[in-house]
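Colleague: Predicted model, plus sequence, below.
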Amino acid sequence: MLVLLPPSEGKDAPSRGAPLDLDALDHPTLGPPRQEVLDALARASAADDACTVLGVGPTLATEVARNTALRSAPTAPAREVYTGVLYAAAGLSGLDGAAAARAAGTVRTVSALWGLVSPDDRIPAYRLSMGTDLPGPGPLARFWRPHLGDALAGRTGL
């Protein structure tokens, strides 16, 4: 069984932790598209119209600016970064032992930046919505569709 969680807009920014290691994230076939979106997000977030491009208000400008340094930002397991009602109810951050291992093997979050994220994947907090038309990759939902289809087919045997 594979449980897919929708993207989380809410994220807790890790205050310490190793920097991002794209090669260590689950679903290594997503490496090149992750790199493409990460680079495009950094460029867009550094632009004067970053909040407009990313579809957020000026109150989120600090979070948008944080997108420019994601490669060196502290990371934490995704189960600790993603927040919100669904993630609190899922209780992923409170699992340990066999339950945590089972979740790591069967739960994925669909992410506008990473494609698919395992609860154990170490990621920084970021601001990006799947509904964004990001300069370069274009509309992210359309961009990710073929990549996620391939990654999920490999995972589920479909």
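Modeller: Great, that's in hand. Just so it is clear, the model here is predicted, and its values are computed rather than measured.
Colleague: Walking through the chain, point out its strands one by one.
Modeller: 3-5, 76-77, 107-111, 115-117, 122-123, 133-134, 138-139 (DSSP state E).
Colleague: which residues in the protein form helices?
Modeller: Using DSSP state H, the helices of the chain run over residues 31-46, 50-54, 61-66, 78-81, 85-90, 97-106, 140-156.
Colleague: out of the ones you listed, nearest to Asp21?
Modeller: Taking Cβ to Cβ, helix 31-46 is the member of the helices of the chain nearest to Asp21, at 10.9 Å. All C-beta atoms are positioned from the backbone trio N, CA, C, and that covers glycine.
Colleague: send the alpha carbons of the closest one over as CSV?
Modeller: Provided in CSV are the C-alpha atoms of helix 31-46 (Å, rounded to 0.1, in the frame of the first residue of the first chain):
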residue,chain,number,x,y,z
GLY,A,31,16.9,14.1,-9.1
PRO,A,32,17.1,16.0,-12.4
PRO,A,33,13.6,17.5,-12.2
ARG,A,34,14.1,18.4,-8.6
GLN,A,35,17.3,20.2,-9.5
GLU,A,36,15.5,22.0,-12.3
VAL,A,37,12.7,23.2,-10.0
LEU,A,38,15.1,24.1,-7.2
ASP,A,39,17.2,26.2,-9.5
ALA,A,40,14.1,27.9,-11.1
LEU,A,41,12.7,28.6,-7.6
ALA,A,42,15.9,30.2,-6.4
ARG,A,43,16.0,32.5,-9.5
ALA,A,44,12.3,33.4,-9.2
SER,A,45,12.6,34.0,-5.4
ALA,A,46,15.5,36.5,-5.9
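Colleague: No further queries at this time; thank you.
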